[in-house]
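K.L.:
Got a predicted model here, sequence first, then my questions.
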Amino acid sequence: MSEAADPVAQAASRLEAAVERLARAAANRPALMPAPAREGEAPAAGADPAAVAALAQRLDETIARLRGVLGEEG
């Protein structure tokens, strides 16, 4: 079966492309350097750690599902 007609191969290809775009975006993004907090102030926030953790969890779950469909072990 050709990759053009194989939905699993198409999904794997899209996932790989998305990961590559994320890697390029992360490499081109300046490092977050929060300003030091002044006395009595909360520190400046960078990326929301909870949002990053939730996104990472969704990506891990997507990869696990794809591996399951492909018959690969995680």
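P.N.:
Here it is on my side, so go on. All values reported here derive from a predicted model rather than from experimental measurement.
K.L.:
Name the SS class of Ala9, please.
P.N.:
The assignment at Ala9 comes out as helix when based on DSSP: H, G, I helix; E, B strand; the rest coil.
K.L.:
can you count the residues close to it?
P.N.:
Neighbour count for Ala9, taken as other Cβ atoms under 10 Å: 14. C-beta here means a position set from N, CA and C on the backbone, and glycine is covered the same way.
K.L.:
now do Leu22
P.N.:
Count around Leu22 with other Cβ under 10 Å applied: 12.
K.L.:
which residues touch it?
P.N.:
By Cβ atoms under 8 Å, 6 or more residues apart in numbering, Leu22 lies in contact with nothing.
K.L.:
Which phi and psi values does it adopt?
P.N.:
phi -60, psi -40 (degrees, to the nearest 10).
K.L.:
ok, so what distance separates it from Asn28?
P.N.:
According to Cβ to Cβ, to the nearest Å, Leu22 and Asn28 sit 11 Å apart.
K.L.:
again with Arg65
P.N.:
Arg65 is 29 Å from Asn28, by Cβ to Cβ.
K.L.:
mind listing the helices in the chain by residue range?
P.N.:
7-28, 49-70 (DSSP state H).
K.L.:
Select, out of the ones you listed, the one closest to Arg38.
P.N.:
Nearest of the helices of the chain to Arg38, taken as Cβ to Cβ: helix 49-70 at 21.8 Å.
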